[in-house]
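A.B. asks: Here is a sequence together with a model predicted from it:
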Amino acid sequence: MAKPTHTSQTDDQPRVALVLFNVAQYRVAIEANQVISMSDQPSHRRTANAQTLLYSAPSAPVSQPTYWLTLRDSARFLQTGFLQKEGWQLGVSGEIALQQLPASSIRPIPKLLHSRRFTPALCGIAFVGQQLVLVLDARKLAPEPSPSALHLLNPLARQP
C-alpha cells in the first residue's frame, strides 16, 4: 500500500491538519482528526464510495476506491445508540496527502453558494498552490443508516 504524502511548513501561523484526496476531478479535504486509519481494503460494515456520495454527474464513470479512510462517527449517530464507536469507511481513489494549511487560508463558502452546495458537508474552500480544494466537514459526511439497519442495531426501535 502506498503511503500518503505529508507536507508541513514551520512558521508561527496556526495550522490545520487536513487529509486531501480526489473525488472525480475535484480535490477535497477533511480534518485529519476525523480520520482514524487508512487501509487498502474495506473492513467495516458501513462504507461509502466518496465519488458516489459526493459527485452525481450522470455521465461520469464511477472509479473504484483504492484506499479506505476509517472516519469517526458523528456525535449525532453516537448519541442515538444505533451505531458503535467503530466508525465507518470512505472509499477514495488516487493520491492521498496529509497537509498542514494555515488556518487563515481556509475560507467559508460564500453565502450565495451555501444554499446551492451539493452536500451539507461542504463547509469551506482553500487553495493548495494554484489548486482549489473543497473543504468538507467529515461529521456531516457519514451516510445515513437504512431504516432496516436501525431496527437491527436498536431493538427498542422495533415496532410490536
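C.D. replies: Perfect, I can see it now. Numbers count the residues shown, from 1 in each chain.
A.B. asks: Low-confidence regions, this protein specifically.
C.D. replies: 1-11, 56-60, 74-86, 144-160 (pLDDT under 70).
A.B. asks: what's the longest strand in it?
C.D. replies: Looking across the chain with DSSP state E, the single longest strand is strand 88-102.
A.B. asks: That strand pairs with which strands, and in what direction?
C.D. replies: For strand 88-102, the paired strands and their directions (DSSP bridges) read strand 5-7 (parallel), strand 15-23 (antiparallel), strand 47-49 (parallel), strand 67-71 (antiparallel).
A.B. asks: can I get the ones you listed in a markdown table with distance to Leu141 and mean neighbour count?
C.D. replies: Heads up, the C-betas are built off the backbone N, CA and C, glycines and all. Formatted as a markdown table, those follow (distance: least, CB to CB, whole Å; neighbours: other CB atoms under 10 Å):
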| stretch | distance to Leu141 | mean neighbour count |
| --- | --- | --- |
| strand 5-7 | 22 | 11 |
| strand 15-23 | 11 | 20 |
| strand 47-49 | 8 | 18 |
| strand 67-71 | 7 | 22 |
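A.B. asks: Output those strands in CSV, with distance to Val133 appended to each entry.
C.D. replies: Formatted as CSV, the entries for the strands paired with strand 88-102 read as follows, by distance: least, CB to CB, whole Å:
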stretch, distance to Val133
strand 5-7, 13
strand 15-23, 6
strand 47-49, 20
strand 67-71, 16
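A.B. asks: List just the one of the ones you listed that sits closest to Phe127.
C.D. replies: In terms of CB to CB, the element of these nearest to Phe127 is strand 15-23, at 11.9 Å.
A.B. asks: gap between the helix or strand that that closest one is followed by and the chain center?
C.D. replies: Using DSSP states H and E, the helix or strand that follows strand 15-23 in sequence is strand 26-31. Taking CA atoms, centre = their mean, to the nearest Å, one finds strand 26-31 lying 7 Å from the centre of the chain it belongs to.
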